[in-house]
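Visitor: next comes the sequence, and after it the predicted model I'd like to discuss.
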Amino acid sequence: MTLDLTVNLGNILVALFAIISFAIAFTKIGGRIDLLTQRVASMEETVKGHRDINTRVAVIETRQASNTELIATLQKDVHDLRHGRGFVQNRPGGIDGEYP
């Protein structure tokens, strides 16, 4: 078996085809990478928006809990006032519903 060192037209065409194929593949991969970069950037913006929404929901839940406590306190105060406790003092003779 001998090594043939001659170069013919077929060898040149195969080499050119390989170089052109690699160049086309590289440009297509580069385009896909750019597209993926854009998609990842848009997903990051979406995640940032969700993080802001989660913060807002946490603040709203805290305010709602505070308002619930305030309403419970006010309801107790109104209940006490309706039953004569609070500003109206229980006197020994009782409360007859009239002003003195």
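Guide: Everything's here; your move.
Visitor: quick one: the residue nearest to the spatial centre of the chain from residue 80, how far?
Guide: Central residue of the chain (CA atoms, centre = their mean): residue 50, 1.7 Å from the mean position. According to CB to CB, to the nearest Å, residue 50 stands 45 Å off from residue 80. (Each C-beta comes from the backbone N, C-alpha and C, glycine too.)
Visitor: cool, residue 65 as well?
Guide: Residue 65 is 23 Å from residue 80, where distance means CB to CB.
Visitor: ranges for the helices of this protein?
Guide: Assigned helices in the chain, in chain order: 9-82 (criterion: DSSP state H).
Visitor: follow-up on the earlier one: neighbour count winner among residue 65 and residue 80?
Guide: residue 80 (13 against 10; other CB atoms under 10 Å).
Visitor: pLDDT score assigned to that one?
Guide: Here, the pLDDT recorded for residue 80 equals 80.
Visitor: likewise residue 24?
Guide: pLDDT, residue 24: 89.
Visitor: one more: the one 10 residues further on?
Guide: We note a pLDDT of 83 for residue 34 in this prediction.
Visitor: okay, now it: neighbour count?
Guide: 10.
Visitor: quick one: it and residue 22, what's the gap?
Guide: Counting by CB to CB - residue 34 and residue 22 are separated by 19 Å.
Visitor: okay, residue 77 and residue 70: tell me how far apart.
Guide: Noted for residue 77: a distance of 11 Å to residue 70, by CB to CB.
Visitor: no wait, residue 26
Guide: For residue 26, the distance to residue 70 - CB to CB - is 66 Å.
Visitor: check residue 37 too.
Guide: Applying CB to CB, the value for residue 37 to residue 70 is 50 Å.
Visitor: repeat that for residue 41.
Guide: Residue 41 sits 44 Å away from residue 70, going by CB to CB.
Visitor: and what of residue 80?
Guide: According to CB to CB, residue 80 stands 16 Å off from residue 70.
Visitor: next, give phi and psi for residue 7.
Guide: The phi and psi values for residue 7, taken as degrees, to the nearest 10, are phi -110, psi 130.
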